[in-house]
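Engineer: Prediction below, plus the sequence it came from.
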Amino acid sequence: MTATDTDRDTTDASTTKTTNASTAETTNASTTETTDDSPPPSDTAGRKSPAVAATGPGTDTLLQTDGLTKRFGGFTAIDDVDFDVSEGELRCLIGPNGAGKSTLLKLITGRHTATEGAIYYDGTDITDYRPNERVDLGIGMKFQVPSVFDELTAYENMRLSVQRTHGDADLDAAILDALKRIDLAERATTPAGDLAHGQQGRLEIGMAAALEPDLLLLDEPVAGLSVEERAEVADLVTELNADGIAFIVIEHDIDFVAEIADEVTVLHGGEVFREDSIANIRNDDEVRRIYLGGE
Ligand SMILES: Nc1ncnc2c1ncn2[C@@H]1O[C@H](COP(=O)(O)OP(=O)(O)OP(=O)(O)O)[C@@H](O)[C@H]1O
């Protein structure tokens, strides 16, 4: 982490993983990764005016970035990216290490502030919205690092999410339903720390989904999982998507991508390198070359 980073991480309570389960923001799977010791957010002086009219994108466009740019000091991690995701779409984001995938997701969740450009969500310019405000609009996220509370049971973890969208009436039934959805009802009383890695991953996705987002961002959801566990996560993501949740999924496992993806966006050097079907991406020699470091 450099002194030039403008992350909100250390200043926004919503991004701090804590063992205090009563802290409202910790219940949100979209905001539970602590990543660095960056300084407080800088102001956004120098940001150019959004080029897109205040009315925002067309009706079926859920998310749109316009000339989105993120610099860390003199280094440009995201470079003038125009990217959009439609309502209910499942988009995978791939690219070699350092391509800017995680940075792009963090810009969308508000964990990084944009250096230039704009982000629109459901027609609203959210470029200056704080992470918790974006969550309230319907943007959820599961990061690479575990964000469940190990000492709490699966049930207690799930309750943290479900109670945010559900009144007290029938809370217990709603929590059990949410656990059933991720095939963890049988493990309701197991501390999350004792769950298998794949079960923890499903719990995190289930907790993020329980917040009823319209868009869910997953950063490498199957990293380190077995073949069987990957298949379970693929099924879960596909089911949630069929229920209407749009996804942006960062994943290196191209077979997993092929299993779940509609469209794939390839990032390279902070820019959109390709956007195409997974079949075409797989057969694209240029894409293969950037993965091999040929460019
Ligand atoms: N907070 C930061 N400060 C400085 N540079 C950063 C910061 N975060 C990311 N970078 C740099 O920005 C570039 C893009 O990083 P990012 O993590 O977005 O890539 P990625 O495509 O997600 O890579 P990977 O697949 O390895 O996770 C990298 O060169 C990285 O070193």
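Structural biologist: Perfect, I can see it now. Numbering: from 1, shown residues only.
Engineer: And the contacts of stretch 174-181?
Structural biologist: Stretch 174-181 has contacts (C-beta atoms under 8 Å, 6 or more residues apart in numbering) with 154-155, 158-159, 161-162, 166, 185, 187-188, 206, 209-210, 239. In this view, the C-beta of every residue, glycine as well, is placed from N, C-alpha and C.
Engineer: now do 6 Å
Structural biologist: Met158, Arg159, Val162, His166, Ala185, Ala188, Gly206, Ala210 (C-beta atoms under 6 Å, 6 or more residues apart in numbering).
Engineer: Pull the number of nearby residues for the fourth one.
Structural biologist: For His166, the neighbour count with other C-beta atoms under 10 Å is 18.
Engineer: Check the gap between it and Asn241 for me.
Structural biologist: 22 Å (C-beta to C-beta, to the nearest Å).
Engineer: circling back: buried by neighbour count, from the contacts of stretch 174-181: which ones?
Structural biologist: Neighbour counting by 16 or more other C-beta atoms under 10 Å classes Met158, Arg159, Val162, His166, Gly206, Ala210 among the contacts of stretch 174-181 as buried.
Engineer: and the worst-scoring helix or strand of the chain on mean pLDDT, what does it pack onto?
Structural biologist: When the helices and strands of the chain are scored by mean pLDDT, DSSP states H and E, strand 139-142 comes last with a mean of 88. Packing partners of strand 139-142 (3 or more C-beta pairs under 6 Å, 6 or more residues apart in numbering; DSSP states H and E): helix 197-210, strand 215-219.
Engineer: Can you add mean pLDDT and distance to the ligand and give the ones you listed back as TSV?
Structural biologist: Supplementary listing: the helices and strands packed on strand 139-142 in TSV, determined by pLDDT from 0 to 100; distance: least, C-beta to the nearest ligand atom, whole Å:
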stretch	mean pLDDT	distance to the ligand
helix 197-210	92	17
strand 215-219	95	8
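Engineer: near the ligand, which residues of the stretch 101-250 of the chain show up?
Structural biologist: Lys101, Ser102, Thr103 (C-beta under 6 Å from any ligand atom).
Engineer: quick one: contacts for the first one?
Structural biologist: What it means is Lys101. Leu93, Gly95, Ile250, Leu267.
Engineer: any idea which element the last one lies in?
Structural biologist: The one in question is Leu267. Using DSSP states H and E, the element containing Leu267 is strand 263-268.
Engineer: List the pairing partners of that strand within its sheet, with orientation.
Structural biologist: Strand 263-268 pairs in its sheet with strand 90-94 (parallel), strand 271-277 (antiparallel), by DSSP bridges.
Engineer: Hmm, Ala208 and Leu240 touching each other?
Structural biologist: No. Taking contact to mean C-beta atoms under 6 Å, the distance of 9.2 Å between Leu240 and Ala208 leaves them out of contact.
Engineer: now the helices: where do they sit in this protein?
Structural biologist: All helices of the chain, identified by DSSP state H, fall at 101-109, 131-137, 154-165, 171-181, 197-210, 227-242, 254-260, 278-282, 285-291.
Engineer: Spatially central residue in the chain, please.
Structural biologist: By C-alpha atoms, centre = their mean, the mean C-alpha position of the chain lies nearest to Leu217, the distance being 2.3 Å.
Engineer: now that residue: how far from Gly138?
Structural biologist: 11 Å.
Engineer: follow-up on the earlier one: name all residues that make contact with the residue nearest to the centre of the chain.
Structural biologist: Leu105, Met141, Ile248.
Engineer: Could you list everything it pairs with in the sheet?
Structural biologist: Beta-bridge partners, per DSSP bridges, of Leu217: Met141, Ile248.
Engineer: and if you look at Ile94?
Structural biologist: Under the criterion used (DSSP bridges), Ile94 bridges to Val266.
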